[in-house]
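1. Please find the sequence and the predicted model below.
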Amino acid sequence: QVQLVESGGGLVQAGESLGLSCAASGSGLIINDMGWYRQAPGKQRELVAVIGSDGTSNYADSVKGRFTISRDNAKNTVYLQMNSATPDDTAVYYCNARIRRLLSVRVNDYWGQGTQVTVSS
């Protein structure tokens, strides 16, 4: 069974920093892209940042220059460092990973449980 467990999140003031992490667990995992999405109240879930297994990353325009995504392949963990947070960053943040199990050709999407990030003005 594959699980994504998130940590971090919480309440910060505008301009402050916050870090999120997400660890994937399970046997025989071959992890492709890992990423972070967020969903604010009344809005659709949106991509924040994604990173490939080779370290190539992409960001939503709204977070470029402020957020940094990274991963530790040895630990099957992805991180999101959020700097210069604004109230518009307030949302539930979800970790995502595209994972193939060893000896399988099928790639599935897995999601974390979500963690609340609130930025006060």
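-> That came in fine, so what should we check first? Everything numeric here is computed off the predicted structure, so don't read it as measured data.

2. Only C-alpha atoms from now on, for both contacts and neighbour counts.
-> Fine.

3. So which bits of the one helix or strand V48 maps to are buried?
-> With elements delineated by DSSP states H and E, V48 resides in strand 46-51, which encompasses its position. Of the residues in strand 46-51, those buried by neighbour count under the rule 16 or more other CA atoms under 10 Å are L47, V48, A49, V50, I51.

4. If the most centrally placed residue in the chain is in a bridge, with which residues?
-> Among the residues of the chain, the smallest C-alpha distance to the mean C-alpha position (CA atoms, centre = their mean) belongs to W36, namely 2.6 Å. In this structure, W36 has beta-bridge partners A49, C95, where bridges are defined by DSSP bridges.

5. In this structure it contacts V92, no?
-> No: using CA atoms under 8 Å, W36 makes no contact with V92, being 10.3 Å away.

6. if we can go back for a sec, after the strand holding V48, heading C-terminal, what element do we hit next?
-> Past strand 46-51, heading to the C-terminal end, the next element that is a helix or strand (DSSP H and E) is strand 57-59.

7. Please identify the pairing partners of that next one and their relative orientation?
-> Taking DSSP bridges as the criterion, strand 57-59 forms sheet pairs with strand 46-51 (antiparallel).

8. would you list every one of the strands in the protein?
-> When assigned using DSSP state E, the strands of the chain occupy the ranges 3-8, 10-13, 18-25, 29-39, 46-51, 57-59, 67-72, 77-82, 91-101, 107-111, 115-120.

9. OK, contacts around the nearest residue to L29 once chain neighbours are set aside?
-> Leaving out its chain neighbours, the residue that sits closest to L29 by CA to CA, 6 or more residues apart in numbering is R101, at 5.0 Å. If you count contacts by CA atoms under 8 Å, 6 or more residues apart in numbering, R101 has them with S27, G28, L29, I30, V107.

10. Many thanks, have a good one.
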